[in-house]
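Visitor: got a predicted structure plus its sequence, pasted below:
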Amino acid sequence: MTEVYETIDAQSHLTFNYVAMVCTAAFIAAIGLVSDSPTTVVASMLLSPLMGPILSLTLGIFVSSHEMTARGFRNEAWGLFIALLIGKDAWETPRMTCSVL
């Protein structure tokens, strides 16, 4: 259990690499949405690092670690916020507006 805890704990920190990967995955998803390409959207999900904070959140709840739970929730919220910010720019393109309406 200690090895699992350490592995998940190492993946749950808010680092430059985490933010860069979220931005990259969100850009790829936005390109997939604008170009109407489901394959590109799925590829962005494979690239996204958002599973690390989810694992941190669930393990923190399981082992009653308030610090790990809070860190997982915080990092997941930041990842979601970054992805939504990038997706908002893609949503405002003329092609997306026309295809939705």
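Guide: Okay, I see it. What you see is a predicted model; the values in this text were computed from it and never measured.
Visitor: quick one: residue 4 from residue 68, how far?
Guide: 12 Å (CB to CB, to the nearest Å). For the C-beta atoms, the positions are set from N, CA and C on the backbone; glycine is no exception.
Visitor: what does residue 6 give?
Guide: Distance from residue 6 to residue 68, by CB to CB: 11 Å.
Visitor: who has more neighbours out of the two?
Guide: More crowded of residue 6 and residue 68, by other CB atoms under 10 Å: residue 68, with 22 against 10.
Visitor: just checking, residue 33 touches residue 41?
Guide: Yes: when contacts are counted by CB atoms under 8 Å, residue 33 is listed as touching residue 41 (6.5 Å).
Visitor: who has more neighbours out of the two?
Guide: Comparing residue 33 with residue 41 by neighbour count (other CB under 10 Å), the higher total belongs to residue 33, at 20 against 16.
Visitor: in stretch 66-80, which residues are buried?
Guide: By 16 or more other CB atoms under 10 Å, the buried positions in stretch 66-80 come out as 68, 69, 71, 72, 73, 75, 76, 79.
Visitor: the fifth one touches residue 61, doesn't it?
Guide: Looking back up the chat, that one is residue 73. No: at 9.9 Å, residue 73 does not count as touching residue 61 under the criterion of CB under 8 Å.
Visitor: and residue 28, what does it touch?
Guide: 40, 43, 44, 47 (CB atoms under 8 Å, 6 or more residues apart in numbering).
Visitor: meant to ask about residue 31, not that
Guide: 37, 40, 90.
Visitor: from the residues you listed, which one has the minimum pLDDT?
Guide: Lowest pLDDT within those is found at residue 90 (73).
Visitor: what distance do you get for that one to residue 82?
Guide: Distance from residue 90 to residue 82, counting by CB to CB: 13 Å.
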